[in-house]
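**Student:** pasting the structure only:
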Ligand SMILES: Cc1cc2nc3c(=O)[nH]c(=O)nc-3n(C[C@H](O)[C@H](O)[C@H](O)COP(=O)(O)OP(=O)(O)OC[C@H]3O[C@@H](n4cnc5c(N)ncnc54)[C@H](O)[C@@H]3O)c2cc1C
Ligand code: FES
């Protein structure tokens, strides 16, 4: 089942009026609402993976969802290793997916 | 001469001894209460250091151990094949720096004493240190380069040693806790009582890391091994900006002291995956595993003194373990002079990964009655410096 936002009128927690925001993800504008995490905004677009593992290039996205595993890291406004599941999306945020090759062996 | 040995503990020390004994043709069974490499060997950093040891028996053991690692890594790679993960052995060298004016001279003097003992300890100008480590804080006051310091992934190393031991006929039984001893009428140890029944033994090798003290007690012997807690912080992965094992010279003070109170000193290195490990702390708080924010804060603060760029790094995890501490700072390797059939390989404190291979060679020589590669007497349980602790508790 794809992740999707619950329409406000059907949301049992009866949220107040939502303030829309727009962030960019790898250059594409994506809309969300204030209070969502970056992961929440990305998942709502139907995208489940935004990172690839270094050695085998396997897809990674949200795993624990609670800030523990660091699988969901993205670069936000130039700052790398930000956990998408923990960072609130801010209007205008520039989010880039992150891929790290294995580092060169030490000199 | 010993022909069958039951080893208690599948940490790196038990694993190295199991392999060396099995290769020498001894029948070996390893009993481990948890999973292999689930104790201290999974809770440290994997540095193989000569730099942090002053002249004396521990340095001799470390120098000998350093000479064994490269061949062992090649042998295990040949034997276990490409499907087995790499041991991540890297002779990356250590860089020890002083960060205060007062710390400069003691660091240089310490290096000079090591040079006299045959260690390659190169006092280098601060500018050269910054060429080796471009991201290092330029405010350092002295630097010594140790090309022979190396690093290994300790869990993979332990598993590889166990795999090789099995290939040479050893049995490794996990989930089996040793709870007591079987003795004959003369008092000789002839087997172990375990949670999986009695296990007969020609000889018993106690390699239970920081738990060797309590396990020895269950076998009826006093062994003054105590846990000395240490913590490590792990950053997220990043392109390498730390190229050696870099530490603050005040680390020697912390390793060599017996103070029970919290001591921290900065140790920074990167791993093959790109994480940076920040250590280290030492405190004697029993087997208390609780995470302590003050310890973490101190480690992080001191790491910034060496590498200011870490201020922007994300800490991904913190973990800790219990170093097997000996009151006279030397491991116990060899036969127990009080109980026939009992042998020891314990108490390596913060150096057990590095010293494991050398420990195994000394032990094999002891058990088989062959010539010891280096003098084993300083590591004997009967040494004078340990006598008060064997009596005190008896
Ligand atoms: C934070 C930290 C950093 C460190 N950094 C380094 C480093 O950089 N380089 C280095 O060389 N060393 C380092 N060390 C030290 C090193 O980890 C230890 O010296 C080493 O792992 C000890 O290995 P061991 O096999 O003796 O003990 P362990 O790995 O603890 O193995 C003992 C095993 O015995 C088992 N056991 C215990 N009691 C029983 C029983 N009754 N029956 C059955 N099984 C039992 C345990 O489950 C355990 O698996 C560090 C330690 C810490 C805590
Ligand atoms: S999903 Fe685990 S830290 Fe974000």
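**Tutor:** On my side now, so go ahead. Just so it is clear, the structure is predicted and the values come from calculations on it, not from any experiment. Ligands and ions are numbered 1, 2, ... in the order given.
**Student:** can you report phi and psi for residue A:21?
**Tutor:** Dihedral pair for residue A:21: phi -130, psi 160, per degrees, to the nearest 10.
**Student:** any idea how far the residue nearest to it when sequence neighbours are not counted lies from ligand 1?
**Tutor:** Sequence neighbours aside, residue A:91 is the residue nearest to residue A:21 in space, at 4.0 Å (criterion: Cβ to Cβ, 6 or more residues apart in numbering or on different chains). C-beta coordinates here come from the backbone N, C-alpha and C atoms, glycine included. Separation of residue A:91 from ligand 1 (Cβ to the nearest ligand atom, to the nearest Å): 43 Å.
**Student:** how about residue A:91, what does it touch?
**Tutor:** A:21, A:22, A:23, A:34 (Cβ atoms under 8 Å, 6 or more residues apart in numbering or on different chains).
**Student:** residue B:213 too?
**Tutor:** Taking Cβ under 8 Å, 6+ apart, we find residue B:213 in contact with B:223, B:224, B:225, B:226.
**Student:** for the contacts of residue A:91, which one is nearest chain B?
**Tutor:** Nearest to chain B among those: residue A:23, at 20.2 Å, using Cβ to the nearest Cβ.
**Student:** just the element for that closest one, please.
**Tutor:** Per DSSP states H and E, residue A:23 falls inside strand A:20-25.
**Student:** list the buried ones in that strand?
**Tutor:** For strand A:20-25, a neighbour-count test (16 or more other Cβ atoms under 10 Å in any protein chain shown) marks A:21, A:23, A:25 as buried.
**Student:** partners of the first one in the sheet?
**Tutor:** Residue A:21 forms beta bridges with residue A:32, as assigned by DSSP bridges.
**Student:** my read: it touches residue A:32, true?
**Tutor:** Yes - under the criterion of Cβ atoms under 8 Å, residue A:21 makes contact with residue A:32 at 5.5 Å.
**Student:** name the residues contacting each of these two.
**Tutor:** Common neighbours of residue A:21 and residue A:32 (Cβ under 8 Å, 6+ apart) are residue A:89.
**Student:** low-confidence ranges, the stretch 201-350 of chain B, go.
**Tutor:** Low-confidence segments of the stretch 201-350 of chain B, defined by pLDDT under 70: B:251-258.
**Student:** in chain B, what residue comes closest to ligand 2?
**Tutor:** Using Cβ to the nearest ligand atom, residue B:316 is the residue of chain B that sits closest to ligand 2, at 8.9 Å.
**Student:** which secondary structure element contains that residue?
**Tutor:** In this assignment (DSSP H and E), residue B:316 forms part of strand B:315-325.
**Student:** number of nearby residues for residue A:50?
**Tutor:** The number of residues packed near residue A:50 is 24, by other Cβ atoms under 10 Å in any protein chain shown.
**Student:** actually residue B:143, sorry about that
**Tutor:** Residues within reach of residue B:143, counting by other Cβ under 10 Å, total 27.
**Student:** tell me the SS of the most centrally placed residue in chain A?
**Tutor:** Central residue of chain A (Cα atoms, centre = their mean): residue A:39, 2.8 Å from the mean position. Following DSSP: H, G, I helix; E, B strand; the rest coil, residue A:39 is assigned to helix.
**Student:** so what's the nearest residue to it once chain neighbours are set aside up against?
**Tutor:** Spatial nearest neighbour of residue A:39, excluding adjacent residues (Cβ to Cβ, 6+ apart): residue A:84 at 3.9 Å. Going by Cβ under 8 Å, 6+ apart, residue A:84 touches A:37, A:38, A:39, A:42, A:50, A:62, A:72, A:73, A:74, A:95.
**Student:** where's the second one relative to residue A:64, distance?
**Tutor:** Right, residue A:38. Distance of residue A:38 to residue A:64, given as Cβ to Cβ, to the nearest Å: 15 Å.
**Student:** the fifth one too?
**Tutor:** Between residue A:50 and residue A:64 the distance, using Cβ to Cβ, works out to 15 Å.
**Student:** can you pull out the low-pLDDT segments for the stretch 1-150 of chain B?
**Tutor:** Across the stretch 1-150 of chain B, nothing is flagged by pLDDT under 70.
**Student:** closest point of it to chain A, which residue?
**Tutor:** In the stretch 1-150 of chain B, no residue comes nearer to chain A than residue B:92, which is 4.8 Å away by Cβ to the nearest Cβ.
**Student:** A strand includes that residue, no?
**Tutor:** No - when the secondary structure is assigned by three-state DSSP, residue B:92 falls in coil instead of a strand.
**Student:** for it, give me its contacts.
**Tutor:** Neighbour list for residue B:92: A:106, B:149, B:150, B:151, B:243, B:244, B:245, B:269 [criterion: Cβ under 8 Å, 6+ apart].
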